[in-house]
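Peer 1: fold the following.
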Amino acid sequence: MSDFPAVGDVMPDIEMGTPEGGTVKASDFKGKKLVVFFYPKDNTPGCTTEAKDFTALRAAFDAAGTELLGVSKDSAKKHQNFIAKHELTTPLATDTEEGGLSDTLGIWTEKQMYGKTYMGMVRSTYLVDADGIITQVWNKVKVKGHADEVLAAAKAL
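Peer 2: Numbering: from 1, shown residues only. Model prediction:
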């Protein structure tokens, strides 16, 4: 049994930085549905595709009364570059190094690649209703078709 927030729980209200130097947290979206997608790193192939897919569907998410927020532990400066380079319209946020939202959700975790162990983000997406309750979670997301699947779930909510 996990102690991490899950479907039916309130989305933790942990402040994150925005590329513009402001802050954002789940309660800022009260009264609207929210999709928070967590990705490992700006400007990597899968993360770029995912961010571009959500950006391409932004008008459809808006029409469904759903806000979008992409989150990684990259710096504000890296996010600014990522947004400019790929013409992203999806808002991004920087999770804090320790004790951040991804830590609280249990998706900042130990990973392994090529025999090396490191801390990294598990690509995950959370759909939150207008009352701040987590209604659906996608863990270990495969990027292809994911944004469409999330949009369908948001429309159904």
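Peer 1: so the spatially most central residue of the chain, which state does it fall into?
Peer 2: In the chain, the centroid-proximal residue (C-alpha atoms, centre = their mean) is Phe37; its distance is 2.1 Å. Secondary structure state of Phe37, per DSSP: H, G, I helix; E, B strand; the rest coil, is strand.
Peer 1: I'd say it and Thr125 touch.
Peer 2: Yes - here Phe37 reaches Thr125: they are 4.4 Å apart, a contact under C-beta atoms under 8 Å. C-beta here means a position set from N, CA and C on the backbone, and glycine is covered the same way.
Peer 1: who touches both of these two?
Peer 2: Counting by C-beta atoms under 8 Å, 6 or more residues apart in numbering, the shared contacts of Phe37 and Thr125 are 141, 150.
Peer 1: tell me how many other residues crowd the closest residue in space to Lys73 that isn't next to it in sequence.
Peer 2: In space, and not counting its chain neighbours, Lys73 is closest to Asp95: 5.1 Å by C-beta to C-beta, 6 or more residues apart in numbering. Counted with other C-beta atoms under 10 Å, the neighbours of Asp95 add up to 24.
Peer 1: Asp95 touches Met16, doesn't it?
Peer 2: Yes - between Asp95 and Met16 a contact is recorded at 5.4 Å, counting by C-beta under 8 Å.
Peer 1: identify the contacts common to those two.
Peer 2: Common neighbours of Asp95 and Met16, using C-beta under 8 Å, 6+ apart, are 71, 101.
Peer 1: straight-line length of stretch 11-20, end to end?
Peer 2: 23 Å (C-alpha to C-alpha, to the nearest Å).
Peer 1: okay, buried residues for that stretch please.
Peer 2: Within stretch 11-20, the residues scored as buried using 16 or more other C-beta atoms under 10 Å are 11-12, 14-17, 19.
Peer 1: next helix or strand past the worst-scoring helix or strand of the chain on mean pLDDT?
Peer 2: Lowest on mean pLDDT, DSSP states H and E among the helices and strands of the chain sits strand 108-113, with a mean of 90. Using DSSP states H and E, the next helix or strand after strand 108-113 towards the C-terminus is strand 116-121.
Peer 1: pairing partners for that following strand, with directions?
Peer 2: Within its sheet, and counting by DSSP bridges, strand 116-121 is paired with strand 108-113 (antiparallel).
Peer 1: please compute how far the partner strand lies from its chain's middle.
Peer 2: In terms of C-alpha atoms, centre = their mean, to the nearest Å, the centre of strand 108-113 is set 18 Å apart from its chain centre.
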